[in-house]
Structures are given as structure tokens and as C-alpha cells.
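Trainee: I'd like to go over a predicted model; first the sequence, then the structure.
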Amino acid sequence: MNAHVSHNPQAKNDEIDLIALAVSLWQQRWLIAGVMVLVGIVAAAYAMLATPYYQAQSVLKPASLKSFDQLNLTGVYKVDRDQVLKRIGISLESYSTRYAFFQANPELFQALEKPGIPVEQAFERLNASAFTILKPDAKKSDSLANYVGLSFVYPEGVDGPAVVNGLIAYAVDQERTRIGAEVNTLVANRLNKLQSQISAARIGYETDKQSKIASLLEADSVKRADLLDELSGLRQQLKLRRQNRITQLTEAMMIAEQLGIHKPATPSSLREIGQQNSNNLVRTEVTNQQIPLYFMGTEALGAERKALRARTSDDFTDAHVGEIEKQLRMLRHNREVEALRKRDNDDLFLSKLAKWEEESSYLQSLKPELLLQDLVDVDQPAVSPLSPIKPKKALIVVLGLVLGLMLGVFLALVKSVMTRMQPVPLKVLSPVPVEQASPAVMLRG
């Protein structure tokens, strides 16, 4: 019974303490409200006095195919739209590009100048946290378009849209310059190769022409020598034939002289001369069908021999001599060699030269800077935002009020605990006369 009684007071005391605590907080409600309002005012003041920051961004997308079609058709340089967009994104992400733009446009960053802080350091701080490259998430395969963007968070006083648009234009111009330089290098290399091919073709053609002329002249020389040898042999043959004929005529004249044949005769006419062997002669005529030379008589034979001895040339006796002389006369002038030597413009006879010259002329007139006007399409240009992205005034005020409430409650609790921990002063009781004291009091005493 006593234990039950001792437990219940403890629970009752706990309940009394919670109630007392709530009562204590309620009693200090003005303290809590004051702290809450004070912190809220501080938060509101910070929100109003803090430098506002704005955000400007621009998004780029690949250019159309027609922008690179003419350059791709040259066959010198192949431009890929997505690759160009990627290269511009890398340029935008590059610190060197941003710093070069900063140096080229210092008027856009004058608001960053602070006493004691060089503007370069201020720009580095801004660059470390203000610029963000926008690009599709590689982990998400549902992206329907490729793009590259630039986001810039800037304080009040800086022309953020001008910085974003200017930096993008600067990066695009730099990339256009790089691609133009690459194209010009490839074009120059191609032109050098074409010039080397043209020079080599001309040298080769001149060499071939001189070789052909030498071959033709050598062939004519060999043919002329062969014809002269043939003509010399033929003339020697004709001369020998004439000498043989003279010898035959001499022998026939001796026979005719012995037979007494001075005029042309036949074997049958020898009977009248009184030859004894006429039968044999008739048989000879019948079997050989050829009358011996001496039957021509000494007069005819002598006249022919005299004519042969007086002959100075035997060329007319053989028609082949005339043919050889005709060929020798034709070999005096090689018309093909003369035509080759008289060519005023050998380039007309180079089959590939016209194609190379056409390509060279086309490459020399190529202006890549005019063919690279639209590297990318600006899908979203940067514009001035309507409101800053920070500080968020409403959120700061609400957080300040909540923090003030928590701080006020904490201070109230501390004050309440400190109050309870103070010692209670003892009251001095007046003495009670013994005769007036009750028995219970006397017993307690």
C-alpha cells in the first residue's frame, strides 16, 4: 500500500513538470516572439541587402546539312555537324577561351573590379563557379536531340546576356578560324601536290617526247643504213651482172668469129654457110628451145659489149633500185619528228593536265571562310532574366523566422531551468507559546 502510494506521486510530478514547462514557455512567449521577430528582421535585412545573382543561358544545336554541303563536295575537308558542335562545346568549356574573351572584352567585366582584388582574380573566382556547360545526359538514351549550351550565373551589374552571347560568338569564330586554317592547310597541301604532279607530268612528257624523237631518228638512221647497204649490194650485183654479160658477149664473139657469123642468124641458116654439124645444131635448137648467143653475130655482140663497157650506172636495169632510192629520199625528213619539235604548247598534249589545272584553279578560288558562315544554330539566345535566382528572399525570411522561433524557445528553456536551479529562501517562523501549541506540534518538535 505504501509502495503504490510512493509511485503515483512520481508520475504525477512528471506530469506537473511538463505542464509547468509549457506554462513557463507560455509565460515567456513575448521573449520567444521577440527573438523570432529579431532573427526574422535580420534575415529579411540580409535578403534585401545581399547582392542579387541572375542566370543567363544559351543553347546551340547542330547546323543544317546545307551549311557544310559545298565544303564537303570539295573532297578536301569533311565536316560533321555533331563533331563541330562538340568542338564548340569543348572550346566553351576551355579556360583559355573564356580568358581570351575576357581580355578582348574588359568592359563587360568592369563590375567585378573590387578594391584590392585584381580583376583577373575576380574573373577566376567567377569562372570557377559561374559558368556551366549544358549538354545531354549520357546516361539517358531518350534524348531526341544533340545540343550544347552555356549557363552563366552573374552578380548584379554584369551584363550576363552579353557575356553569354559574346562568349558563344567568340568560341564559334575561333572554331571557324581553326576549321578555316585546317581547310587552308589541306588546300595548300593539295595545291602543292597538284603542282608537283603537273611539273612531273611536264618533265615526263618532255622526256618522252625527246625519247620518241630519238627513237624515230634512230629508227630512220638504221633503216637508211639498211637501205644504203641494200642499194650498195644491189649495185654491186648489177655491176657484176654487167661484167658477166660482157664476158659472155666476148666469148660469143669469139665463137661467132670462128663460125663466120657476122650477122644475126639461126641454127637452120648454118646449112647455107656449109656447116657440117647442122644436124646437131638443129637438135640443140629443138631440145633447148634457146638459140646460143653467138648466133647474134659479131656485129651485134660487139655493139652490145661496147655499150655495156660505156655504161656508167646500172641502176636503171633494176626497178628495186628506184624503190630503194625513193625510200632513202623519204628518210631525209621525218615529218613526225618535225611535228614534235614544232609543238608550241606541249600542255595541250597532256591528257591529265586539264583535269589537274581545273582542280588547281578551283582550289585557289576556294574561300573556306565564306563556306563556314553557319557552324551551329542558336536554338535559344541568352536574354535578360526577369528575376534573380538568388538570394531567395521569401525562403530566407521563412528560415529566419523558424530559426528565430527555435532560438527563442531555446532561450526560454534555458531561462526556465536557471530559474528552477536558484535556492528557495527559508522563512523565519515566529515562536509559538508552549501553552498555545497543539499536541501535534509539540510531538513534531
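Mentor: Arrived safely, thanks for sending.

Trainee: for the chain, longest strand please?
Mentor: Longest among the strand segments of the chain by residue count, using DSSP state E, is strand 53-62.

Trainee: name the next helix or strand following that one along the chain.
Mentor: Reading on from strand 53-62 to the C-terminus, the next helix or strand found by DSSP states H and E is helix 66-73.

Trainee: I'd like to know which elements that next one is packed against.
Mentor: With contacts taken as 3 or more Cβ pairs under 8 Å, 6 or more residues apart in numbering; DSSP states H and E, helix 66-73 sits against helix 81-93, helix 368-371. Where C-beta positions appear, they are placed from N, C-alpha and C, glycine not excepted.

Trainee: I'd like these as CSV, with distance to residue 295 and mean pLDDT appended.
Mentor: Supplementary listing: those in CSV, determined by distance: least, Cβ to Cβ, whole Å; pLDDT from 0 to 100:
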stretch, distance to residue 295, mean pLDDT
helix 81-93, 111, 87
helix 368-371, 104, 70
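
Trainee: ok, which of these comes nearest residue 409?
Mentor: Ranking these by their distance to residue 409 (criterion: Cβ to Cβ) puts helix 81-93 first, at 49.0 Å.

Trainee: ok now the closest one, how far from the chain's centre?
Mentor: 16 Å (Cα atoms, centre = their mean, to the nearest Å).

Trainee: which non-adjacent residue is nearest the spatially most central residue of the chain?
Mentor: Of all residues in the chain, the one closest to the mean position by Cα atoms, centre = their mean is residue 77, 3.8 Å from it. Among residues not flanking residue 77 along the chain, residue 183 sits closest, at 4.8 Å (Cβ to Cβ, 6 or more residues apart in numbering).

Trainee: pull the number of nearby residues for that neighbour.
Mentor: The burial metric for residue 183, expressed as a neighbour count using other Cβ atoms under 10 Å, is 21.

Trainee: kindly report the same for residue 121.
Mentor: Other residues near residue 121 number 12, with proximity taken as other Cβ under 10 Å.

Trainee: what's the answer for the one 3 residues further on, then?
Mentor: Applying other Cβ under 10 Å, we find 14 other residues in the vicinity of residue 124.

Trainee: equivalent analysis for residue 386, please.
Mentor: Residues lying near residue 386 (other Cβ under 10 Å) number 6.

Trainee: assign it to helix, strand or coil.
Mentor: In the three-state summary, residue 386 is assigned as coil, counting by DSSP: H, G, I helix; E, B strand; the rest coil.

Trainee: try residue 152
Mentor: Put simply, residue 152 is strand when judged by three-state DSSP.

Trainee: which residues does it contact?
Mentor: Contacts for residue 152 were tallied using Cβ atoms under 8 Å, 6 or more residues apart in numbering; they are 55-57, 130-132, 160, 163-164, 167, 382.

Trainee: what about residue 299, distance to residue 395?
Mentor: 156 Å (Cβ to Cβ, to the nearest Å).

Trainee: what of residue 346?
Mentor: In this view, residue 346 and residue 395 are 86 Å apart by Cβ to Cβ.

Trainee: try residue 148
Mentor: 32 Å.

Trainee: of the two, which one has the most company?
Mentor: Higher neighbour count among residue 148 and residue 395: residue 148, with 26 against 12, using other Cβ under 10 Å.

Trainee: beta partners of that one?
Mentor: Residue 148 has these beta-bridge partners by DSSP bridges: residue 60.

Trainee: surely it touches residue 132?
Mentor: No - shown here, residue 148 and residue 132 do not form a contact pair, counting by Cβ atoms under 8 Å, at 11.7 Å.

Trainee: picking that back up, can I assume the residue nearest to the centre of the chain sits in a strand?
Mentor: No - assigned with three-state DSSP, residue 77 falls outside any strand and is coil.

Trainee: tell me who's in contact with it.
Mentor: Neighbours of residue 77 in contact, by Cβ under 8 Å, 6+ apart: 71, 179, 182-183, 186, 368.

Trainee: can you put those residues in a markdown table and add distance to residue 201?
Mentor: Below are the contacts of residue 77 laid out as a markdown table (distance: Cβ to Cβ, whole Å):
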| residue | distance to residue 201 |
| --- | --- |
| 71 | 28 |
| 179 | 32 |
| 182 | 28 |
| 183 | 26 |
| 186 | 22 |
| 368 | 28 |
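
Trainee: and those, which are buried?
Mentor: Judged by neighbour count, with 16 or more other Cβ atoms under 10 Å as the criterion, the buried members of the contacts of residue 77 are 71, 179, 183, 186, 368.

Trainee: closest to residue 309 among those residues?
Mentor: Among those, and counting by Cβ to Cβ, the member closest to residue 309 is residue 186, at 88.1 Å.

Trainee: which residues does the closest residue to that closest one other than its chain neighbours contact?
Mentor: By the measure of Cβ to Cβ, 6+ apart, the closest residue to residue 186 outside its immediate chain neighbours is residue 76, 5.0 Å from it. Under the criterion of Cβ under 8 Å, 6+ apart, the neighbours of residue 76 are 183, 186-187, 190, 363, 366.

Trainee: repeat that with 6 Å
Mentor: By Cβ atoms under 6 Å, 6 or more residues apart in numbering, the contact set of residue 76 is 186-187, 190.

Trainee: again, but for residue 123
Mentor: Under the contact definition (Cβ under 6 Å, 6+ apart), the residues listed for residue 123 are residue 102.

Trainee: let's see it at 7 Å
Mentor: Contact analysis of residue 123 by Cβ atoms under 7 Å, 6 or more residues apart in numbering lists 102, 109, 112.

Trainee: how about residue 300?
Mentor: Shown in contact with residue 300 (Cβ under 7 Å, 6+ apart): residue 264.

Trainee: tell me the spacing between it and residue 260.
Mentor: Residue 300 sits 14 Å away from residue 260 when distances are taken as Cβ to Cβ.

Trainee: and if you look at residue 419?
Mentor: 196 Å.

Trainee: the more surrounded of those two?
Mentor: For residue 419 versus residue 260, neighbours defined as other Cβ under 10 Å are more numerous around residue 260 (13 against 10).

Trainee: which residues sit against stretch 235-246?
Mentor: Outside of stretch 235-246, the residues within contact range by Cβ under 7 Å, 6+ apart are 305, 308-309, 311, 314-315, 317-318.

Trainee: format the residues you listed as CSV; extra columns: neighbour count, distance to residue 336 and pLDDT.
Mentor: Conversion of the contacts of stretch 235-246 to CSV gives the following (neighbours: other Cβ atoms under 10 Å; distance: Cβ to Cβ, whole Å; pLDDT from 0 to 100):
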residue, neighbour count, distance to residue 336, pLDDT
305, 18, 49, 91
308, 14, 44, 89
309, 11, 46, 90
311, 13, 39, 88
314, 18, 34, 86
315, 16, 29, 86
317, 11, 35, 86
318, 15, 30, 87
